[in-house]
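K.L.:
give me coordinates for this.
(one chain, ligands or ions: 1)
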Amino acid sequence: TKQTGFTTLDYGFVNTSATRSSITYIDGDKGILRYRGYPIDQIAENSTYLETAWLLIYGELPTPTELAEFDDRIRHHTLLHEDLKSFFDALPHDAHPMSVLSAGISALSTYYQDSLDPRNPEHVEISTIRLLAKLPVMAAYAHKKSLGQAFLYPDNSLSFIDNFLRLNFGTMAEPYVINPVLSKALERLLILHEDHEQNASTSTVRLVGSTEANMFASISAGINALYGPLHGGANEAVLTMLAQIRDSGEGVEKFVERVKNKEAGVRLMGFGHRVYKNYDPRAKLVKEAADEVLAALGVQDDLLDIAKELEAIALADEYFISRRLYPNVDFYTGVIYKAMGFPTRMFTVLFAIGRLPGWIAHWREMQTDPATKIGRPQQLYLGSPEREFPAR
Ligand code: SDX
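P.N.:
This next block holds a predicted model:
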């Protein structure tokens, strides 16, 4: 008997407790992904992270005025409360940035306790702006902390993406030089991650939000769900896998054999998907960008060659074909992030920044849907029948 997602097919009933949403459409068999009806490749090619965030959250593309005002409001909320700096002081320098981020977002909410009511539209708006503005800054501070470098203050004269890049790669010692290749590549990668229907972390945000927990609490929970190596953590795990193949000298074929033999803990990370049983349309776009970005940055990385060799072997191997395992969005992203200069531990943080607009959009959609009830997944009881407790 097989359970797929929330629909239980073989126990004599079909539980159609599928989540209702108008935000993103995926056809896993055809490899289709659309944000509010727009195909992902057209958005990635033509839009920006903030314009796409608006589309996901409000349902339509913004007018130029709406986008300018949205961008301006976000710029003017990038500063973190000065007291929050001590939050970072309390953490070890090698704290994993995903832990820093999930804890940091909860800590951030303690500064806004008078404006967290999910039923107050103004509170929902300002929480949206604060999270979009401050989460990337917290992420950059986690990165700087790991480097032992001073935090920079946001520079409102820069675009959203360049401000984020400067906070990560700029230093107090010299002016930050904008690299348009980096900006464009990161913008496209973040757009490709902005939403993906009812994935594990988005479902977590919706489940937590369904209890009327505030937006910050729900997003913090989503960050923790994303952290796992089977979900967003896979982009970090892919780089570790590629480096192990290279450094062990075992070769790609030997590694693939170990995957097929299901050796403990050996999986082809970045491959397979709960929904896509075809090539993840995002993976195709990322793979195209990988060659382009590395060439433009003048970076040669043998891990990209290993990734391509792995893909070629897997896509021709009955084991993967029969299980409909294809590269997913995480397979090539890490190679690009590495070429940009991000440490491996920041990769899932970049996924979180990408996914933030989708999490917010789903949280808001759920709050305004009159059909929303508190989440309570059904259970099939498989335990012991009633029995007498031994007399004492
Ligand atoms: C993301 O849901 C989303 O939309 C997520 C995401 C998003 O944008 O939010 O797209 C982002 O999380 C992408 C997925 C990133 N994770 C990984 O790359 C980790 C490696 N992949 C897997 O662990 C796995 O493919 C999952 C978790 C992604 C999907 O798991 P499924 O669909 O439940 O597959 P399964 O575990 O039931 O496996 C089916 C078969 C099994 O073999 P058999 O038992 O039938 O012999 O396929 C095998 C599995 O062993 N298999 C793999 C494999 N993935 C599945 N074998 C080797 N390598 C893999 N990666």
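
K.L.:
count of neighbours near Met168?
P.N.:
Heads up, residue 168 is Asn, not Met. Using other CB atoms under 10 Å, Asn168 is surrounded by 25 other residues. C-beta: built from backbone N, CA, C; applies to glycine.

K.L.:
again but with Thr19, I slipped
P.N.:
Neighbour tally, Thr19, other CB under 10 Å: 18.

K.L.:
so it makes contact with Gln198?
P.N.:
Yes. Between Thr19 and Gln198 there is a contact at 5.2 Å, judged by CB atoms under 8 Å.

K.L.:
so what sits against both of those two?
P.N.:
Shared contacts of Thr19 and Gln198 (CB atoms under 8 Å, 6 or more residues apart in numbering): Arg206.

K.L.:
next SSE after the helix or strand that contains Asp247?
P.N.:
Assigned by DSSP states H and E, Asp247 belongs to helix 234-248. Using DSSP H and E, the helix or strand that follows helix 234-248 in sequence is helix 252-260.

K.L.:
what angle separates that next one from helix 234-248?
P.N.:
130 degrees (axes from the mean of the first three to the mean of the last three CA atoms, to 10 degrees).

K.L.:
ok, the residue of the stretch 201-350 of the chain found nearest the ligand - how many residues close by?
P.N.:
In the stretch 201-350 of the chain, the residue that lies nearest the ligand is Gly272 (2.2 Å; CB to the nearest ligand atom). Using other CB under 10 Å, Gly272 has 21 neighbouring residues.

K.L.:
ok, it to Phe320 distance?
P.N.:
Separation of Gly272 from Phe320 (CB to CB, to the nearest Å): 8 Å.

K.L.:
now do the shared contacts for those two.
P.N.:
Tyr326.

K.L.:
related to what we said a few turns ago, dump the residue contacts of the residue of the stretch 201-350 of the chain closest to the ligand.
P.N.:
Contacts of Gly272 (CB under 8 Å, 6+ apart): 323, 325-326, 328.

K.L.:
neighbour count added to those, as a markdown table?
P.N.:
Shown next, in a markdown table, are those (neighbours: other CB atoms under 10 Å):
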| residue | neighbour count |
| --- | --- |
| Arg323 | 11 |
| Leu325 | 20 |
| Tyr326 | 23 |
| Asn328 | 24 |
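
K.L.:
return only those of the residues you listed found close to the ligand.
P.N.:
For the ligand, the contacts drawn from these by CB under 6 Å from any ligand atom are 323, 325, 328.

K.L.:
in stretch 49-68, what's buried?
P.N.:
49-57, 62, 67 (16 or more other CB atoms under 10 Å).

K.L.:
thanks a lot, catch you later.
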